[in-house]
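Colleague: Structural data only, the sequence is not supplied:
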């Protein structure tokens with residue numbers, strides 16, 4: 001797939017951009033090829049395009065994006081196409097409450113390719129929506145979610161008072177928030193995650209796990225210290241660099257729903273959306289429906305979960321069971 005094909009899928013199949021709509025494309029200095037391709041698309045489809053280039057190192061903490069909140073609120077469509085996602089910021093929440101449609105399209109790829117060239121973005125949006133609704137029927141009726149894996153994960157999450165939703169790329173109606181990560185997600189209660197996680201798939205921006213290792217969650221906080229694994233050391237160091245204790249608290253439970261995605265460690269969006277995985281989002285979760293402000297958002301991904309909504313098994317060893 002080339003970049004132009006990827007843009008066509010996103011603008012037609014996901015966002016449904018209409019003639020004369022104002023599209024605000026926000027990217028960084030690493031993705032000028034995508035910005036230029038988007039400009040060509042807009043010229044040939046009678047869309048009004050505003051492109052903003054922001055420094056990549058200022059995106060993750062969300063502070064610069066928050067300063068753009070008022071401008072974003074007067075846009076029909078916002079595409080967040082920086083290396084790092086800012087979907088969890090309050091600015092996105094404010095803009096969509098004013099009627100803007102938002103698509104999170106983090107373009108980060110470890111191999112130098114473009115996300116818009118990856119085959120997984122051609123996933124059937126209708127299948128993902130149908131699968132998500134099957135899962136959420138049980139999730140939203142439950143108070144507690146339990147996740148286990150054959151290699152040792154055993155975690156409990158509270159979602160009391162909160163509802164799960166899903167992303168399938170589609171942001172076609174006023175106020176929609178969506179993501180290139182096809183998933184069902186729950187803005188879990190931030191201080192009530194408990195148990196053990198055997199992390200064996202991917203660590204978001206850090207790439208694939210080379211050797212599975214265990215971490216613990218106590219009162220919502222992840223503890224990765226004391227592990228001999230080099231991957232555990234990488235995770236600890238990365239979280240320390242935020243200089244924010246809130247980054248250690250869980251704020252999201254996600255279930256991957258993209259059957260074209262593989263957990264390759266090339267794109268964290270592809271990793272976390274891979275069918276047969278689940279992920280825990282650490283840190284900021286405001287626009288997802290949570291209450292946690294933090295210096296960033298970071299996902300850790302694990303293979304083949306069995307997931308229980310209260311006592312109902314909704315996924316068994318990575319396969320939907322309802």
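Modeller: Received the coordinates, thanks. Bear in mind the structure is a predicted one, so any value in this text is a computation, not a measurement.
Colleague: Wait, residue 207 touches residue 110, no?
Modeller: Yes. Contact criterion CB atoms under 8 Å: residue 207 and residue 110 qualify, at 5.8 Å. (C-beta placed from N, C-alpha, C; glycine too.)
Colleague: if I look at these two, which residues touch both of them?
Modeller: residue 265 (CB atoms under 8 Å, 6 or more residues apart in numbering).
Colleague: So for the two, which residue has more residues nearby?
Modeller: The neighbour comparison of residue 207 against residue 110 (other CB atoms under 10 Å) goes to residue 207, with 17 against 14.
Colleague: and residue 55, what does it touch?
Modeller: Here residue 55 is in contact with 28, 29, 64 (CB under 8 Å, 6+ apart).
Colleague: What subset of those residues is buried?
Modeller: 28, 64 (16 or more other CB atoms under 10 Å).
Colleague: Format the contacts of residue 55 as JSON lines; extra columns: secondary structure, distance to residue 198 and pLDDT.
Modeller: Shown next, in JSON lines, are the contacts of residue 55 (DSSP: H, G, I helix; E, B strand; the rest coil; distance: CB to CB, whole Å; pLDDT from 0 to 100):
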{"residue": "28", "secondary structure": "strand", "distance to residue 198": "34", "pLDDT": "91"}
{"residue": "29", "secondary structure": "helix", "distance to residue 198": "38", "pLDDT": "91"}
{"residue": "64", "secondary structure": "helix", "distance to residue 198": "36", "pLDDT": "76"}
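Colleague: Dump the contacts of residue 55 into JSON lines; add distance to residue 149 as well.
Modeller: Formatted as JSON lines, these follow (distance: CB to CB, whole Å):
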{"residue": "28", "distance to residue 149": "35"}
{"residue": "29", "distance to residue 149": "39"}
{"residue": "64", "distance to residue 149": "38"}
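Colleague: residue contacts, residue 315?
Modeller: Applying CB under 8 Å, 6+ apart, the residues near residue 315 are 135, 255, 305, 306, 307, 321.
Colleague: most surrounded residue in these?
Modeller: Counting by other CB under 10 Å, top hit in the contacts of residue 315: residue 255 with 31 neighbours.
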